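[1] Just to be clear, the model below is a prediction. Sequence and coordinates:
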Amino acid sequence: MSNHASNIKDVVLSKISKGEIKKTPKAVFVMRGALYILAITVVIAFVLFLLSFVIYALQASELWYLPMFGIKGVELLLSNFPWFLIFLALILIITLEALVSRYSFVYRKPLLYSAVGIIVIVLAVSFAVRQTAIHESIYKAIKKNNPGYAKMFYDEYTRPNSVDFHPGTVIEVIDNGFVLENRDRSTTSIKITAKTQVGKNFKIFKGGRLLVLGKVIDGVIEAEAIDNAPLGGKP
Amino acid sequence: MFKKIVIISRAVENITDENLVKLVQDGDNEQFGHLVERYEAKMLSYARKFLFDSENAKDMVQEVFIKAYVNIASFDLSKKFSPWLYRIAHNCFINEIKKTTRERSFVVSVDVFFPELFSKDEPDREIIDNELRASLDDSISKVDIKYREVLVLYYFQELNYKEIADVLHIPVPAVGIRLSRGKKLLRKFMTNE
């Protein structure tokens, strides 16, 4: 054994016996571990809230059904997607990956596997959370108690913001079209032309929920595509 | 008296690292000296190969043992002691390198994303690497820190892949990739000399 080595032992033991260095109590590590688990739990809860809210917002604004209009619908969906919330969720997922990567069952596996695993689990659980109608309950409570920012948040993301997408209820059938009552109770005339693409089982009837794609020209929408809202569409 | 010391000495030799840690955790602080004795040479060799500074290596190793003692209560007795101690050493040395050199330490490396596409089985340390080991000392300082540490841990500290993965907190197959690339770099430097 080298002189260095024996010096090291002597110095360390001397510091221990003089009380210059002390063992950190186990309770401190237990507390740290508990805080770590708490942080992971909070991040998971926040991600699940955010992603289930994205699903809820898309369904509530009826943007969710846009892909049934083909490429044009998908383009509209992507241009109206709540990307900011997705970006936030992504940051939280990266934070979660960083938090769990201290555990051997995570770091021993390739990062790609754990990242994909976390994303798949988080998405699956978010869809499950969405099934609980928790966001409907929260929105209801918010409307009742009216806390400013929370109401703004829910209002902002649940109304269809696209100028080319018009979900609504038929209130009158007219020649070559119908009158649609929008979500804000305003009305718009819809004109159906030979170019209008209609869904396979499309039906117009008073009180029916319709989804219309088209630009507003002089207060009238010339429908590019039109279809009945699927069951479960927001009434 | 002499006989008694010999008996105690033999008894300590038969105690596992983890049992010694348990004794220290329970308050028998003198037993920590036996852990220092067992690992001081290995730690000094690790530090010298990794830091290339003999004087500083001694201070660094002292710091490693002090940190190990301070954090001894966090050691999980169901696990092996040596990877835990090497992990502390790794963190100390990386911090020292950050402080004293401009050598870039890596945050996330590509090989931890999908290492299984590239990894090979653990090579036979003895058969393959005798010629490499002989020239390691001269060339290892030129190898990037990412590969250098794996080479040191595998060839000089004789840790296995799983233990190295636990020290560096990287996937097990990534150890194989870094080792293989490190060896290629070493050979390149050796042939250039």
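    Ah, there it is.

[2] Which parts of chain B belong to which domain?
    Chain B breaks down by automatic domain parsing into domains covering B:1-102, B:107-140+B:142-193.

[3] right, so of the ones you listed, which gets closest to A:Phe205?
    A:Phe205 lies closest to domain B:107-140+B:142-193 among these, at 54.7 Å (C-beta to C-beta). Heads up, the C-betas are built off the backbone N, CA and C, glycines and all.

[4] Alongside chain A, which residues does chain B contribute?
    Contact residues (C-beta under 8 Å from any C-beta of the partner chain) of chain B with chain A: B:24-25, B:29-30, B:32-33, B:36-37, B:40-41, B:44, B:58, B:61-62, B:65-66, B:69-74, B:108, B:112-116, B:162, B:165-166, B:169-174.

[5] and the nearest residue to A:Leu51 once chain neighbours are set aside, what helix or strand is that in?
    Of all residues not flanking A:Leu51 in the chain, A:Ser126 sits nearest, at 3.7 Å (C-beta to C-beta, 6 or more residues apart in numbering or on different chains). Assigned by DSSP states H and E, A:Ser126 falls within helix A:111-131.

[6] Now find how far off-centre that helix is within its chain.
    12 Å (C-alpha atoms, centre = their mean, to the nearest Å).

[7] Next, the angle from the helix or strand just after that helix to helix A:111-131.
    Counting by DSSP H and E, the next helix or strand C-terminal to helix A:111-131 is helix A:134-145. Here the directions of helix A:134-145 and helix A:111-131 differ by 50 degrees (axes from the mean of the first three to the mean of the last three C-alpha atoms, to 10 degrees).

[8] For the next helix or strand after helix A:134-145, output the C-alpha coordinates as CSV.
    The first helix or strand that comes after helix A:134-145 along the chain, using DSSP H and E, is helix A:148-158. Extracted C-alpha coordinates of helix A:148-158, given in CSV (Å, rounded to 0.1, in the frame of the first residue of the first chain):
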residue,chain,number,x,y,z
GLY,A,148,-60.9,34.8,-14.0
TYR,A,149,-57.8,33.1,-15.6
ALA,A,150,-59.1,29.5,-15.3
LYS,A,151,-62.3,30.6,-17.1
MET,A,152,-60.3,32.4,-19.8
PHE,A,153,-58.2,29.3,-20.3
TYR,A,154,-61.1,26.9,-20.7
ASP,A,155,-63.1,29.4,-22.9
GLU,A,156,-60.1,30.0,-25.1
TYR,A,157,-59.3,26.4,-25.9
THR,A,158,-62.9,25.1,-26.2
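
[9] Quick check: which helices or strands does helix A:148-158 pack against?
    For helix A:148-158, the packing partners by 3 or more C-beta pairs under 8 Å, 6 or more residues apart in numbering or on different chains; DSSP states H and E come out as helix A:26-60, helix A:134-145.

[10] Make TSV from these and add distance to B:Lys188, mean neighbour count and mean pLDDT to it.
    Below are the helices and strands packed on helix A:148-158 laid out as TSV (distance: least, C-beta to C-beta, whole Å; neighbours: other C-beta atoms under 10 Å in any protein chain shown; pLDDT from 0 to 100):
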stretch	distance to B:Lys188	mean neighbour count	mean pLDDT
helix A:26-60	42	16	95
helix A:134-145	59	13	87
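
[11] Go through these and name the closest to A:Ala225.
    helix A:26-60 (18.5 Å).

[12] which residues touch the next helix or strand along the chain from that closest one?
    Following helix A:26-60 in sequence order, the next helix or strand is helix A:71-79 (DSSP H and E). Counting contacts by C-beta atoms under 8 Å, 6 or more residues apart in numbering or on different chains, the residues outside helix A:71-79 that touch it are A:58, A:63, A:66-67, A:69, A:162, A:164-165, A:213, A:224-225.

[13] what sits against A:Ala229?
    A:62, A:65, A:167, A:209-211.

[14] Next up, the contacts around residue 150.
    Let's take chain A. Shown in contact with A:Ala150 (C-beta under 8 Å, 6+ apart): A:Ile142.

[15] wrong one, chain B
    Listed by C-beta under 8 Å, 6+ apart, the contact set of B:Val150 reads B:164, B:168, B:175, B:178-179, B:182.

[16] Would you check which pair of those lies furthest apart?
    Greatest spatial distance among the contacts of B:Val150 (C-beta to C-beta): B:Leu168 and B:Gly182, at 12.7 Å.

[17] Tell me how far the most centrally placed residue in chain A lies from A:Asn7.
    In chain A, the centroid-proximal residue (C-alpha atoms, centre = their mean) is A:Val54; its distance is 2.5 Å. Noted for A:Val54: a distance of 61 Å to A:Asn7, by C-beta to C-beta, to the nearest Å.

[18] what do you get for B:Met60?
    14 Å.

[19] Kindly state which of the helices and strands packed on helix A:148-158 is positioned closest to B:Cys92.
    The nearest among the helices and strands packed on helix A:148-158, by C-beta to C-beta, is helix A:26-60 at 18.8 Å.

[20] so where is chain A shaky, pLDDT-wise?
    Segments of chain A classed as low confidence (criterion: pLDDT under 70) are A:1-6, A:161, A:231-235.

[21] For it, which residues are neighbours of chain B?
    Residues of chain A lying near chain B (C-beta under 8 Å from any C-beta): A:1-2, A:4-5, A:7-9, A:11-13, A:15-17, A:21-26, A:28-29, A:101-102, A:104, A:107-112.

[22] switch the cut-off to 7 Å
    Chain A comes close to chain B at residues A:1, A:4-5, A:8-9, A:11-13, A:15-16, A:21, A:23-26, A:29, A:104, A:107-112, as judged by C-beta under 7 Å from any C-beta of the partner chain.

[23] Identify each buried residue in stretch A:58-74, please.
    Residues of stretch A:58-74 classed as buried: A:58-66, A:68-69, A:73 (neighbour count, 16 or more other C-beta atoms under 10 Å in any protein chain shown).

[24] Keeping just the C-alphas, turn that stretch into PDB.
    The C-alpha atoms that make up stretch A:58-74 are tabulated as PDB, following Å, rounded to 0.1, in the frame of the first residue of the first chain:
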ATOM      1  CA  LEU A  58     -60.200  19.400 -29.300                       C
ATOM      2  CA  GLN A  59     -63.400  17.500 -28.800                       C
ATOM      3  CA  ALA A  60     -65.300  20.500 -27.200                       C
ATOM      4  CA  SER A  61     -64.300  22.800 -30.000                       C
ATOM      5  CA  GLU A  62     -65.100  20.000 -32.500                       C
ATOM      6  CA  LEU A  63     -61.800  20.400 -34.200                       C
ATOM      7  CA  TRP A  64     -61.300  16.700 -33.200                       C
ATOM      8  CA  TYR A  65     -63.600  15.700 -36.100                       C
ATOM      9  CA  LEU A  66     -61.800  17.700 -38.800                       C
ATOM     10  CA  PRO A  67     -59.800  14.700 -40.200                       C
ATOM     11  CA  MET A  68     -63.100  13.300 -41.500                       C
ATOM     12  CA  PHE A  69     -62.900  16.000 -44.200                       C
ATOM     13  CA  GLY A  70     -59.600  14.600 -45.600                       C
ATOM     14  CA  ILE A  71     -56.400  16.500 -46.200                       C
ATOM     15  CA  LYS A  72     -58.100  19.900 -46.000                       C
ATOM     16  CA  GLY A  73     -59.500  18.900 -42.600                       C
ATOM     17  CA  VAL A  74     -56.200  17.700 -41.300                       C
END
